[in-house]
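1. how would this look folded up:
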Amino acid sequence: MVGLSAVYAGIVQAAVNRHTGARIRVLRQLGIAMIKGNGGADDEGSRADDRRIEQALALDMGIFKLKFTMNFLMNICNHLQVVSALLVGGWWVCTGHIEIGGVVAFISVIGRLNDPWGDLVNYFRDVNVTQIKYRLLADAVNQLS
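-> Just a heads-up that it's a prediction; the model follows:
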């Protein structure tokens, strides 16, 4: 189950990275329009700013939906591991292949592995978002020079 969560965590994180990059670009365009001072001077500028704000909010909601989807799927996988251990372990206990202590120990190990796995996924999520922000900042600085 950890392998499955690693696969979809990578897929969902790539989508989060795309949304984050698009959001930063939109906010940068909005900031440039505000600095130039033509953002609210006329109806056209105001409508363009409104569209950018709506687009940034839509991208934010997309990012939140993706993150919550990833957390939901990780929780499902974690709980399926415990349910699988209980089902298989219960069957083995009933057939005499293992004792109940083995099932309890296995479930304990599953619980101890899930917390570091979640921390690892959160760490790589933060690293990926920071890399996106750094690349966009470096591109902006290179365009200025």
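
2. any low-confidence regions in the chain?
-> 1-2, 38-45 (pLDDT under 70).

3. Geometrically speaking, which residue is the centre of it?
-> For the chain, the residue sitting closest to the mean C-alpha position, by C-alpha atoms, centre = their mean, is residue 67 at 3.8 Å.

4. Now do the helix or strand containing that one: distance to the chain's middle.
-> Applying DSSP states H and E as the criterion places residue 67 in helix 43-95. Distance of helix 43-95 from the chain centroid (C-alpha atoms, centre = their mean, to the nearest Å) equals 7 Å.

5. so after it, what's the next helix or strand?
-> Next element after helix 43-95 (DSSP H and E): helix 100-144.

6. quick revisit: might you report the residue contacts of the residue nearest to the centre of the chain?
-> Taking C-beta atoms under 8 Å, 6 or more residues apart in numbering as the criterion, residue 67 is in contact with 12, 16, 125. All C-beta atoms are positioned from the backbone trio N, CA, C, and that covers glycine.

7. Tell me the one among these nearest to residue 89.
-> residue 12 (30.7 Å; C-beta to C-beta).
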